[in-house]
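Enquirer: Any chance you could fold what I've pasted below:
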Amino acid sequence: MKLATIYLALFLFFSVTSKGQETTSKDSIKTTELKEVVVGVKKKAIEQKADRTIFDFTEQSHLNSGSLLEGLKKLPGLIISDVAGMLYQGKQLEVYMDGRPLNIYSNELNSYLESLPANAVEKIEIITQPGAEYPATSGGAIINIISSKNAKKYLSATYSNGYSYTKYDKSRHRFNNSVLVNAKNNIFAWQIQAGQNYNEGYLRSNFYRPNLVLSQSVSDRMNRFYFIKSGITFDFKQDRLLLNYDFSTNSNTAYVDANGLGFNSSDKSNTQTNRNNVMLTYQKRFSDIRKKLDFRVNYNNNINDFDLTTRSSGATGLKNDYNQNFYQFKTDYSQDFKFLDDAKFSVGLLADKLDFETNSFSVRNLEYWRTTFSGYTEVNTSYKKFDFIVGGRLESYKIDGKTDTVDLIPFDLTRFFPNASVQYNIMPQVFFNVNYNKKISLPNTSALNPNNTNYQNPNVSYEGNPNLEPTIFDNYEVKVSAFDYFFIGYSKSDANYKVVSRVVDSPNGVSSISLNIPKLTVHNFNVGIPVPYMLFTKGLKETLSFDFNPDEINFLYIYVSNQKHILDDVDYKGFWGFNLMSQVQLPSNIKFTATYNTSTTGGNYQYYEMREPFGQQFDVTFAKKFFSDNLSVSLYVNDLFNTNKQALGAIGTDVQFETKNDTRRIGFSLNYKIPTKNKLAKEEGNLLNKEKSDEDSMIKK
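Expert: Numbering: from 1, shown residues only. Coordinates of the predicted model:
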């Protein structure tokens, strides 16, 4: 079959799939309570929207079987790196949870994501084109981790558990437990989700020059993580009051044996992190349901203590801590009005403040203050087959602070950030979209911190930079999407005064530093194609005669991307990334899923040259449901061939380094919806096509 015929077959496959999905949606409408109609729609594995891509975690066993970090690394187009952070299709991601910024970064963010069980998450939204309603400080894009559930008029509970095992010179174990309980009556609704995670890990890290070992280390890590997420809502006729409180604590211990040029050491590090987050939201509603007015107050506190001691003598080499407080007030108003075919007008105000203090051996060596004031307006309208979004934010920033020896260089800026989007709806669920926005990224506190919170030795050090300045982005994107599963897109991001991480030469070896560079341009091309296996076994004609849901058939999903990171002082080369995901329905309703990630080598990732394939890993998962689908059980093997390691070269030096974690892991996970005597107690599927203002969510997005 010629290539053109294959693509035509795929396009027709999508058309048939769309009809099948529409039928499913209509058949899914059920009356589950007297005088109350609840709409339940089959969740989609992937959903493409004009400004975001949504990945469902609840029904995808290969994503929710291990830690959240392991699940995220399997998403096509998402790169998570210890040296350059989290990127999606070349764009730096600002990390949110349930619509609120996490305000943790770097290795602490990775530790948090590794500690959170993936089966405690409902879905992931990656917003590649944040509109004016989002703070301009979102930079290139936003990843929103949604853990909220819906509460109905009965008490319901779900228990989740997981265990995994690996062996690198000795056995290492991980296990997690969590429970979600929620209920609702005519006055209020409440929800509590609590859990724990214990994990043991292995890390090998090497820094070397040609024929010279600077540092080689082996770490044994033990991490204990506990969390609680709670929410309560009160309904006052048309209005609603929501109160959310989240708490997590993370205790990380690492035993590190290292040696290199001129040294030999055996150390122990301890990291204790406590995170509190409280949010109060009042939603004012009107007789005209097209009007909405929301007020939100949010407070976030992160406290981190880190110390490094020599195991033989007990001497303390590092004793660093920080305290970060974040305050935010936000209000949004929206109203529909008549313009062209249909239109909506939105306006809002925001004010936030960040206080960040660091200490080293009880000496306060950084005090950092940042305030932001902003207002936005945005108009959404439609005309025939076209949808238009035009908006902008006016934001004002003031940054000040001091170290223990000198004042920081003050930063004061007021700037307008426009955004625009045009979408042409070719046919239902098939569209062509063009986006532009200007954004800013403020330096994160991990990069600002002058104190090291990583392991270091005489030849390898990590340095923060309190004088980093914000980065201005111009983001462009063009995308064609068909029925959520097929898409082809191109994006370009121009960043001025970009904050980057670099490994540079130092008098005793190498240092990892953060600095501003004049310009970084990232080009990204990506395409996603689903291929149903019946196309090869039954032929094109019989395949087109089927009426099916692509989430319930045997298929191969192919994702391919190409990235180029262009820097003025680097002879840049692009690299290709590949993600393959195969789903096969086995006998006895067992679902088999296999995923494979890899990349080409030789390209540059900012100031790092990829010497070996990035994130190369093959995973397999077997999943089955029992007891009327109340119990979901998964068995999995991650990194079956033990190929996942990071090997990079530091551009501008002759230094190369590599890291290897215990990524080959075997385990299981289960979700158990605890039965209730109430016959109406059936799970209510979230409507993924609702906007983020979905009023049915217990914890608001």
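Enquirer: C-alpha only now, for contacts and for neighbours.
Expert: Will do.
Enquirer: Identify all residues paired with the residue nearest to Gly652 when sequence neighbours are not counted through a beta bridge.
Expert: Closest residue to Gly652 apart from its sequence neighbours, by Cα to Cα, 6 or more residues apart in numbering: Val504 at 7.6 Å. Beta-bridge pairing for Val504 (DSSP bridges): Ser511.
Enquirer: Go ahead and confirm Val504 touches Glu463.
Expert: No: with contact defined as Cα atoms under 8 Å, Val504 does not reach Glu463; the gap is 10.9 Å.
Enquirer: Now the common contact residues for the two.
Expert: Here Val504 and Glu463 share the contacting residues Ser511, Ser512, Ile513, scored by Cα atoms under 8 Å, 6 or more residues apart in numbering.
Enquirer: Could you pull up the residues touching the last one?
Expert: Applying Cα under 8 Å, 6+ apart, one finds that Ile513 lies in contact with Tyr462, Glu463, Gly464, Asn465, Ser501, Arg502, Val503, Val504.
Enquirer: For stretch 650-667, give me every contacting residue.
Expert: By Cα under 8 Å, 6+ apart, the residues outside stretch 650-667 that reach it are 66, 162-168, 201-210, 502-505, 570, 607-609, 635-642, 644-649.
Enquirer: Do me a favour and get the end-to-end distance for it?
Expert: End-to-end distance for stretch 650-667: 35 Å, by Cα to Cα, to the nearest Å.
Enquirer: just how off-centre is that stretch within its chain?
Expert: Using Cα atoms, centre = their mean, to the nearest Å, the distance from the centre of stretch 650-667 to the centre of the chain it belongs to is 22 Å.
Enquirer: Now that stretch: buried residues?
Expert: Across stretch 650-667, burial judged by 16 or more other Cα atoms under 10 Å covers 650-651, 655-667.
Enquirer: Name the nearest of those relative to Ser81.
Expert: Nearest to Ser81, judged by Cα to Cα, of these is Thr659 at 10.8 Å.
Enquirer: Which secondary structure element is home to the closest one?
Expert: Using DSSP states H and E, Thr659 sits in strand 656-661.
Enquirer: Same question for Val500.
Expert: Per DSSP H and E, Val500 falls inside strand 486-506.
Enquirer: ok, and the closest non-adjacent residue to the residue most central in space within the chain?
Expert: Nearest to the geometric centre of the chain sits Ile143, at 4.2 Å (Cα atoms, centre = their mean). Among residues not flanking Ile143 along the chain, Ile126 sits closest, at 4.4 Å (Cα to Cα, 6+ apart).
Enquirer: quick one: strands adjacent to whichever strand or helix holds the one you found?
Expert: Element membership for Ile126 (DSSP H and E) is strand 123-127. Strand 123-127 pairs in its sheet with strand 52-56 (antiparallel), strand 141-146 (antiparallel), by DSSP bridges.
Enquirer: show me where pLDDT drops low in the stretch 301-450 of the chain?
Expert: Within the stretch 301-450 of the chain, not a single segment meets pLDDT under 70.
Enquirer: which stretches of it form helices?
Expert: Assigned by DSSP state H, counting those that start in this stretch, the helices in the stretch 301-450 of the chain fall at 445-448.
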